[in-house]
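Student: give me the fold of what follows.
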Amino acid sequence: MNNEHLILALSRLITVTISLTGTLVYGYDLVGNRASLTYPDGKTAATTYNADNQELTVTDWDGGVTTYSYDAAGRLATTALPNGVQTTNSYDDANRLAGLRHVDTNTGALQAEYLYELDGLGYRQVATEMLRLPDSGGGGLQTTAPVQYQAMLRMAHHVQPMRGVSPSHRGANRVAQLVY
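Tutor: Model prediction:
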(Lines give C-alpha, C1' and ligand atoms only; values in the text may rest on other atoms or scores of the structure.)
Protein backbone atom coordinates (compact mmCIF):
# COMPACT_ATOMS: atom_id res chain seq x y z
CA MET A 1 0.00 0.00 0.00
CA ASN A 2 1.81 3.02 -1.27
CA ASN A 3 1.73 5.98 1.16
CA GLU A 4 -1.12 4.42 3.12
CA HIS A 5 -0.96 3.61 6.81
CA LEU A 6 -3.39 1.39 8.68
CA ILE A 7 -3.70 1.27 12.45
CA LEU A 8 -5.59 -1.67 13.96
CA ALA A 9 -6.78 -2.18 17.52
CA LEU A 10 -8.47 -5.40 18.66
CA SER A 11 -8.57 -6.48 14.98
CA ARG A 12 -10.57 -3.38 14.10
CA LEU A 13 -9.46 -0.74 11.67
CA ILE A 14 -8.97 2.53 13.57
CA THR A 15 -7.33 4.85 11.05
CA VAL A 16 -6.33 4.90 7.42
CA THR A 17 -3.89 7.59 6.37
CA ILE A 18 -3.41 8.38 2.70
CA SER A 19 -0.74 10.95 1.99
CA LEU A 20 -2.75 12.91 -0.59
CA THR A 21 -6.06 13.09 1.24
CA GLY A 22 -5.48 12.70 4.96
CA THR A 23 -6.71 10.34 7.65
CA LEU A 24 -9.99 8.47 8.03
CA VAL A 25 -10.85 7.62 11.64
CA TYR A 26 -13.21 4.78 12.56
CA GLY A 27 -15.09 4.57 15.87
CA TYR A 28 -16.80 1.48 17.29
CA ASP A 29 -19.57 0.74 19.77
CA LEU A 30 -19.13 -1.61 22.75
CA VAL A 31 -19.85 -4.75 20.72
CA GLY A 32 -17.53 -3.86 17.86
CA ASN A 33 -19.90 -2.38 15.28
CA ARG A 34 -18.50 0.57 13.35
CA ALA A 35 -20.38 3.50 14.90
CA SER A 36 -18.61 6.44 13.28
CA LEU A 37 -16.44 7.41 10.35
CA THR A 38 -14.63 10.75 10.41
CA TYR A 39 -13.27 12.06 7.12
CA PRO A 40 -10.05 14.08 6.74
CA ASP A 41 -12.04 17.34 6.60
CA GLY A 42 -13.65 16.56 9.98
CA LYS A 43 -17.06 15.56 8.62
CA THR A 44 -18.51 12.57 10.46
CA ALA A 45 -21.06 9.88 9.62
CA ALA A 46 -22.64 7.91 12.49
CA THR A 47 -24.27 4.48 12.42
CA THR A 48 -26.74 2.88 14.87
CA TYR A 49 -27.59 -0.81 15.16
CA ASN A 50 -30.42 -3.01 16.41
CA ALA A 51 -30.09 -5.82 18.97
CA ASP A 52 -29.08 -8.19 16.14
CA ASN A 53 -26.19 -5.85 15.19
CA GLN A 54 -27.85 -4.91 11.90
CA GLU A 55 -27.56 -1.31 10.73
CA LEU A 56 -30.63 0.75 11.63
CA THR A 57 -29.53 4.25 10.66
CA VAL A 58 -26.63 6.08 9.08
CA THR A 59 -26.57 9.83 9.68
CA ASP A 60 -24.31 11.87 7.43
CA TRP A 61 -22.48 15.10 8.32
CA ASP A 62 -25.38 17.19 6.94
CA GLY A 63 -27.93 15.43 9.15
CA GLY A 64 -29.30 13.26 6.34
CA VAL A 65 -30.51 9.94 7.72
CA THR A 66 -30.61 6.63 5.85
CA THR A 67 -32.85 4.10 7.63
CA TYR A 68 -32.82 0.31 7.25
CA SER A 69 -35.52 -2.19 8.21
CA TYR A 70 -35.46 -5.98 8.25
CA ASP A 71 -38.07 -8.69 7.84
CA ALA A 72 -38.78 -11.52 10.30
CA ALA A 73 -36.07 -13.64 8.64
CA GLY A 74 -33.47 -10.93 9.29
CA ARG A 75 -33.15 -9.96 5.62
CA LEU A 76 -32.86 -6.34 4.56
CA ALA A 77 -36.43 -5.31 3.72
CA THR A 78 -36.22 -1.56 3.08
CA THR A 79 -33.68 1.22 2.76
CA ALA A 80 -35.02 4.77 3.10
CA LEU A 81 -32.69 7.49 1.81
CA PRO A 82 -32.61 11.12 2.98
CA ASN A 83 -33.94 12.30 -0.41
CA GLY A 84 -37.20 10.39 0.07
CA VAL A 85 -36.41 7.39 -2.14
CA GLN A 86 -37.19 4.07 -0.50
CA THR A 87 -35.89 0.75 -1.77
CA THR A 88 -37.87 -2.40 -1.02
CA ASN A 89 -36.18 -5.78 -1.46
CA SER A 90 -38.06 -8.96 -2.35
CA TYR A 91 -36.79 -12.50 -1.89
CA ASP A 92 -37.64 -15.92 -3.28
CA ASP A 93 -38.48 -18.99 -1.17
CA ALA A 94 -34.75 -19.80 -0.87
CA ASN A 95 -34.07 -16.34 0.69
CA ARG A 96 -32.31 -15.07 -2.44
CA LEU A 97 -32.73 -11.50 -3.64
CA ALA A 98 -35.40 -11.63 -6.36
CA GLY A 99 -36.05 -7.93 -6.87
CA LEU A 100 -35.53 -4.31 -5.89
CA ARG A 101 -38.12 -1.55 -6.11
CA HIS A 102 -37.24 2.17 -5.75
CA VAL A 103 -40.15 4.53 -4.94
CA ASP A 104 -40.08 8.29 -4.32
CA THR A 105 -42.05 8.49 -1.07
CA ASN A 106 -42.63 12.22 -1.61
CA THR A 107 -44.66 11.61 -4.78
CA GLY A 108 -45.39 7.88 -4.65
CA ALA A 109 -43.78 7.53 -8.10
CA LEU A 110 -41.98 4.31 -8.93
CA GLN A 111 -38.44 5.29 -9.97
CA ALA A 112 -37.02 1.89 -10.90
CA GLU A 113 -37.59 -1.80 -10.48
CA TYR A 114 -35.20 -4.72 -10.96
CA LEU A 115 -36.44 -8.31 -11.17
CA TYR A 116 -34.13 -11.33 -11.18
CA GLU A 117 -34.71 -14.87 -12.42
CA LEU A 118 -32.30 -17.24 -10.68
CA ASP A 119 -31.21 -20.78 -11.43
CA GLY A 120 -31.18 -23.55 -8.82
CA LEU A 121 -27.79 -22.40 -7.53
CA GLY A 122 -28.94 -18.82 -7.09
CA TYR A 123 -27.12 -17.37 -10.08
CA ARG A 124 -28.94 -14.71 -12.06
CA GLN A 125 -30.10 -16.02 -15.39
CA VAL A 126 -32.21 -13.02 -16.40
CA ALA A 127 -32.33 -9.52 -14.95
CA THR A 128 -35.11 -7.18 -16.03
CA GLU A 129 -34.83 -3.51 -15.19
CA MET A 130 -37.51 -0.88 -15.52
CA LEU A 131 -36.26 2.68 -15.19
CA ARG A 132 -37.81 6.12 -15.25
CA LEU A 133 -35.73 7.65 -18.01
CA PRO A 134 -35.38 11.39 -18.71
CA ASP A 135 -36.75 10.98 -22.23
CA SER A 136 -39.91 9.33 -20.88
CA GLY A 137 -41.30 12.81 -20.21
CA GLY A 138 -41.93 11.97 -16.58
CA GLY A 139 -44.40 9.36 -17.72
CA GLY A 140 -44.20 5.65 -17.07
CA LEU A 141 -41.24 3.38 -16.75
CA GLN A 142 -39.35 1.98 -19.70
CA THR A 143 -38.12 -1.60 -19.70
CA THR A 144 -34.46 -1.54 -20.65
CA ALA A 145 -33.50 -5.21 -20.48
CA PRO A 146 -33.60 -8.31 -20.06
CA VAL A 147 -29.99 -9.21 -19.42
CA GLN A 148 -29.18 -12.88 -19.89
CA TYR A 149 -26.17 -14.66 -18.44
CA GLN A 150 -24.08 -17.53 -19.79
CA ALA A 151 -23.07 -20.56 -17.76
CA MET A 152 -19.77 -18.90 -16.78
CA LEU A 153 -21.78 -16.03 -15.20
CA ARG A 154 -20.92 -13.66 -18.02
CA MET A 155 -23.49 -11.34 -19.43
CA ALA A 156 -24.37 -12.95 -22.75
CA HIS A 157 -26.96 -10.58 -24.12
CA HIS A 158 -28.40 -7.21 -23.23
CA VAL A 159 -30.68 -5.15 -25.44
CA GLN A 160 -31.63 -1.52 -24.97
CA PRO A 161 -34.88 -0.41 -26.64
CA MET A 162 -34.12 0.47 -30.27
CA ARG A 163 -30.37 0.11 -29.61
CA GLY A 164 -28.01 -2.85 -29.55
CA VAL A 165 -25.27 -3.47 -27.07
CA SER A 166 -22.09 -5.47 -27.23
CA PRO A 167 -20.51 -6.52 -23.94
CA SER A 168 -16.76 -7.14 -23.91
CA HIS A 169 -15.24 -9.27 -21.18
CA ARG A 170 -11.96 -9.25 -19.33
CA GLY A 171 -10.44 -11.76 -16.93
CA ALA A 172 -12.56 -13.66 -14.41
CA ASN A 173 -15.65 -13.31 -16.61
CA ARG A 174 -16.23 -9.67 -15.68
CA VAL A 175 -17.90 -7.28 -18.05
CA ALA A 176 -15.32 -4.67 -19.00
CA GLN A 177 -17.67 -2.37 -20.87
CA LEU A 178 -21.01 -2.15 -22.62
CA VAL A 179 -20.96 -0.53 -26.05
CA TYR A 180 -24.26 0.98 -27.18
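Student: going forward, measure contacts between C-alpha atoms and count neighbours the same way
Tutor: Fine.
Student: in this protein, what secondary structure element scores lowest on mean pLDDT?
Tutor: strand 174-179 (a mean of 43; mean pLDDT, DSSP states H and E).
Student: the longest strand along the chain pairs with which strands, parallel or anti?
Tutor: Looking across the chain with DSSP state E, the single longest strand is strand 109-118. Paired neighbours of strand 109-118 in the sheet (DSSP bridges): strand 97-104 (antiparallel), strand 124-131 (antiparallel).
Student: out of these, which comes closest to Thr23?
Tutor: For these, proximity to Thr23 was assessed by CA to CA; strand 97-104 is nearest, at 34.3 Å.
Student: now do the closest one, average pLDDT.
Tutor: Mean pLDDT, computed over strand 97-104, is 95.
Student: residues in contact with that strand: which ones?
Tutor: 84-92, 109-118 (CA atoms under 8 Å, 6 or more residues apart in numbering).
Student: again, only this time at 7 Å
Tutor: Residues outside strand 97-104 that contact it (CA atoms under 7 Å, 6 or more residues apart in numbering): 84-92, 109-117.
Student: may I see the PyMOL selection of the buried members of those residues?
Tutor: Paste this into PyMOL to select the buried members of these, with burial taken from 16 or more other CA atoms under 10 Å:
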select buried, resi 85+86+87+88+89+90+109+110+111+112+113+114+115+116+117
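Student: quick revisit: neighbouring contacts of the longest strand of the chain?
Tutor: Under CA under 7 Å, 6+ apart, the answer for strand 109-118 is 98-104, 124-132.
Student: just curious, which of those residues is nearest to Ala77?
Tutor: Closest to Ala77 out of these is Leu100 (9.7 Å), distances taken as CA to CA.
Student: that closest one: neighbour count?
Tutor: Look at Leu100: counted by other CA atoms under 10 Å, it has 18 neighbours.
Student: any idea how far Lys43 is from it?
Tutor: Distance, Leu100 to Lys43, using CA to CA, to the nearest Å: 31 Å.
Student: got it, and Leu13?
Tutor: Distance from Leu13 to Lys43, by CA to CA: 18 Å.
Student: counting neighbours, go ahead and name the busier of those two.
Tutor: Leu13 (16 against 11).
Student: element containing the more buried one, please.
Tutor: strand 12-18 (DSSP states H and E).
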